[in-house]
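Asker: when you get a sec, could you give me coordinates for this:
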Amino acid sequence: MGHVKIDFEYRIKHVGFSAEFYGDESREVEFDKHHIAKYEEAKDTARIFYQNRDNVPFSASELLAWYLGKTGTVLEDYIPGQEAEAAITEGKKSFPVTFTVNFAPASFYMPTKQGHLDLKRLDLIVEFLITPKWQS
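Answerer: As a prediction, this is how the structure comes out:
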């Protein structure tokens, strides 16, 4: 009997984020309603994160791609072994993964009611859906 290799088809969808900003961490940050409404309508593609040097907007998907390139990783690297095993048994598996992106001072900001606040850390929360595909 030949060796069977299992690869996975996967889809991801952005489901949320949490942000930490440079400056006074004790204050309560209120996000700009317009930008958060855009994000709620299209979490993958709403461009609500801005690069400071040229004000170019980024979406959560674009920031995730930037993060993966910066770290030299791919999405498949973030599929935990136990989730892969469960997908093999169950036929498919859904699970969350949080990508923590740390920023240098004055590199990215978000519009808030307090003005433009520089991002210190952004946790991008992504839901993976993986399905095994069998190969011989």
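Asker: CA atoms only: put the helix or strand hosting Tyr109 into PDB for me.
Answerer: Tyr109 is located in strand 108-112, with elements delineated by DSSP states H and E. Coordinates of each C-alpha in strand 108-112 appear next as PDB, following Å, rounded to 0.1, in the frame of the first residue of the first chain:
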ATOM      1  CA  PHE A 108       0.700  52.700  11.500                       C
ATOM      2  CA  TYR A 109      -2.300  54.500  13.000                       C
ATOM      3  CA  MET A 110      -6.100  54.300  13.300                       C
ATOM      4  CA  PRO A 111      -8.500  57.200  13.300                       C
ATOM      5  CA  THR A 112     -10.300  57.500  16.700                       C
END
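Asker: and the top helix by length along the chain with strand 108-112, angle?
Answerer: Secondary structure of the chain per DSSP state H: the longest helix is helix 60-71. Here the directions of helix 60-71 and strand 108-112 differ by 160 degrees (axes from the mean of the first three to the mean of the last three CA atoms, to 10 degrees).
Asker: how about the CA coordinates for helix 60-71, as CSV?
Answerer: Extracted in CSV, the C-alpha atoms of helix 60-71 (Å, rounded to 0.1, in the frame of the first residue of the first chain):
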residue,chain,number,x,y,z
ALA,A,60,-7.1,43.5,7.8
SER,A,61,-6.3,41.1,4.9
GLU,A,62,-3.6,43.3,3.6
LEU,A,63,-2.0,43.7,7.1
LEU,A,64,-2.1,40.0,7.6
ALA,A,65,-0.3,39.5,4.2
TRP,A,66,2.2,42.1,5.2
TYR,A,67,2.7,40.4,8.6
LEU,A,68,3.2,36.9,6.9
GLY,A,69,5.8,38.4,4.5
LYS,A,70,7.6,40.2,7.3
THR,A,71,7.8,37.0,9.4
